[in-house]
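**Student:** Fold the following for me, if possible:
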Amino acid sequence: MGAKAFAAEGTGVIVVDLQADFTEAKSGALAVPGTDAPYIDAVEKATRELAQQGLPIYFTQDWHPPEHVSFYTNHPGTEPLQMIKILGRSQVMWPPHCIQNSAGAEILVTAAGSTQTVRKGLDPDFDSYSGFADDGGRRTDLDRLLRRDGINKLIVYGLATDYCVKATVLDAVDAGYRVRLFVDLCRGVSPDTTKRALEEMKAQGVTVGRFHGDE
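**Tutor:** Prediction:
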């Protein structure tokens, strides 16, 4: 289904973490497979088309301090992708990425019209996959902005399907939003976790389709 099908009152678009450090096109520190220049171009074209239809766009942006808990470099003896326990909770060790005011934190797509950027992951002590809140429960401005703008239906896409997209979508459902995921505008870290993420989202009532034609 095309963009015009969603140009309805109460619909907003969340573009999740379309940032340099998550893309192969920019040789990012934590590049998700399949995030080459054609992928970024496709996301930008879709985002601009949706904006032209009058839908407000909300960009989420990882915005980590250098001392962030998820960086393996802040935990001597650990390696990238290792899972460790911190204060009783599981934490994946990631390469340093999307550090505040760095080129890697740059959002790579733009759109004219009503746009907002919501930063997440600012607390050095907690990871933040969801655009709505971090792992410690600290809320971002996203839900407030959506409700201010009268949004009750969401189109979501971006990076990565099995991490920040999934967390954002599931929090949106929990908050009472109807959600449609454009899977062709997403990329995942691994096929297995991406498949499980899509199944989990569908089980929660999320409509999974494509920007250019449903699956």
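
**Student:** Excluding covalently adjacent residues, which one is nearest to residue 30?
**Tutor:** residue 97 (4.3 Å; Cβ to Cβ, 6 or more residues apart in numbering). In this view, the C-beta of every residue, glycine as well, is placed from N, C-alpha and C.

**Student:** Make sure residue 164 is indeed in a helix.
**Tutor:** Yes. The assignment for residue 164 (DSSP: H, G, I helix; E, B strand; the rest coil) places it in a helix.

**Student:** What's the first helix or strand after the longest helix anywhere in the chain?
**Tutor:** Of all the segments assigned as helix in the chain under DSSP state H, the longest by residue count is helix 37-52. Reading on from helix 37-52 to the C-terminus, the next helix or strand found by DSSP states H and E is strand 57-62.

**Student:** Quick check: neighbours of that following strand in the sheet, parallel or antiparallel?
**Tutor:** The partner list of strand 57-62 in its sheet, established with DSSP bridges, is strand 11-16 (parallel), strand 115-120 (parallel).

**Student:** Give the rounded mean pLDDT of the last one.
**Tutor:** It stands for strand 115-120. Strand 115-120 shows an average pLDDT of 97 in the prediction.

**Student:** and the angle for it with helix 37-52?
**Tutor:** Taking axes from the mean of the first three to the mean of the last three Cα atoms, to 10 degrees, one finds that strand 115-120 is oriented at 120 degrees with respect to helix 37-52.

**Student:** Give me the residues contacting strand 115-120.
**Tutor:** Here strand 115-120 makes contact (Cβ atoms under 8 Å, 6 or more residues apart in numbering) with 51, 56-63, 107, 128, 130-131, 134, 140-142, 145.

**Student:** For that strand, list every residue counted as buried.
**Tutor:** Neighbour-count burial for strand 115-120, with 16 or more other Cβ atoms under 10 Å as criterion, is recorded at 115-116, 118-120.

**Student:** Distance of residue 138 relative to residue 160?
**Tutor:** Distance check for residue 138 against residue 160: by Cβ to Cβ, to the nearest Å, it reads 21 Å.

**Student:** Could you check which of these two has the larger neighbour count?
**Tutor:** In terms of neighbours (other Cβ atoms under 10 Å), residue 160 is the more surrounded of residue 138 and residue 160; the figures are 25 against 13.

**Student:** wait, the more buried one sits on residue 188?
**Tutor:** Yes. With contact taken as Cβ atoms under 8 Å, residue 160 and residue 188 are classed as touching, separated by 5.4 Å.

**Student:** residue contacts, residue 128?
**Tutor:** By Cβ under 8 Å, 6+ apart, the contact list for residue 128 reads 62, 120-122, 134-135, 140.

**Student:** Kindly recompute the last result at 6 Å.
**Tutor:** Taking Cβ atoms under 6 Å, 6 or more residues apart in numbering, we find residue 128 in contact with 120-121, 134.

**Student:** So which residues of the chain form strands?
**Tutor:** When assigned using DSSP state E, the strands of the chain occupy the ranges 11-16, 57-62, 83-86, 89-92, 115-120, 153-158, 178-182, 207-209.

**Student:** Need these in CSV (columns: distance to residue 30).
**Tutor:** CSV is the format used below for the strands of the chain (distance: least, Cβ to Cβ, whole Å):
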stretch, distance to residue 30
strand 11-16, 14
strand 57-62, 9
strand 83-86, 16
strand 89-92, 11
strand 115-120, 15
strand 153-158, 14
strand 178-182, 21
strand 207-209, 24
